[in-house]
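1. predicted model and sequence below, questions to follow.
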Amino acid sequence: MARIVRKKLFVRKRPCQFCLSKSPVVYVDYKNEELLSKLVNLQGKIISSRITGTCAKHQRAVALAIKRARLVAILPYIGSVKKEFVKKDAIKESKPVVTTNETTTTQENK
């Protein structure tokens, strides 16, 4: 039997946002939290250049800047912890304590 060969659709590569800026970026600053947080997903992982569209040169610079920002505690190593993963037993809800003194004092006053 002959295999059916499917043609892959041509997907245009996204242009590098650092190369296309008015003044080309030579150094990706690790202190620019707003820019670096866009290049990190919710789990804290660095997003690949295939998705962000950065060229190889700037992807290496971005990875280095993110690692430096993590080291200096500007960016977290991991993403935020969801409440679903926290054990329910660890969080104890405080319930109001009902005292019997109030009921006995009201009965004595009658």
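-> The structure has been received and is ready for your questions.
2. sec struct for the residue positioned nearest the centre of the chain, please.
-> Geometric centre of the chain, nearest residue: residue 42, 2.3 Å, by C-alpha atoms, centre = their mean. With DSSP: H, G, I helix; E, B strand; the rest coil as the basis, residue 42 sits in coil.
3. quick one, strands of the protein?
-> Counting by DSSP state E, the chain forms no strands at all.
4. the longest helix in it is where?
-> Longest helix in the chain by number of residues, with DSSP state H as the criterion: helix 56-71.
5. in PDB, list the C-alpha atoms belonging to that one.
-> Output of helix 56-71 as PDB, limited to C-alpha atoms (Å, rounded to 0.1, in the frame of the first residue of the first chain):
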ATOM      1  CA  ALA A  56      18.900  32.800  17.400                       C
ATOM      2  CA  LYS A  57      21.200  35.700  18.400                       C
ATOM      3  CA  HIS A  58      18.500  37.500  20.400                       C
ATOM      4  CA  GLN A  59      17.000  34.300  21.800                       C
ATOM      5  CA  ARG A  60      20.400  33.600  23.400                       C
ATOM      6  CA  ALA A  61      20.400  37.100  24.800                       C
ATOM      7  CA  VAL A  62      16.800  36.800  26.100                       C
ATOM      8  CA  ALA A  63      17.600  33.500  27.800                       C
ATOM      9  CA  LEU A  64      20.700  35.000  29.500                       C
ATOM     10  CA  ALA A  65      18.700  38.100  30.600                       C
ATOM     11  CA  ILE A  66      15.900  35.900  32.000                       C
ATOM     12  CA  LYS A  67      18.400  33.800  33.900                       C
ATOM     13  CA  ARG A  68      20.000  36.900  35.300                       C
ATOM     14  CA  ALA A  69      16.700  38.400  36.300                       C
ATOM     15  CA  ARG A  70      15.800  35.200  38.100                       C
ATOM     16  CA  LEU A  71      19.100  35.200  40.000                       C
END
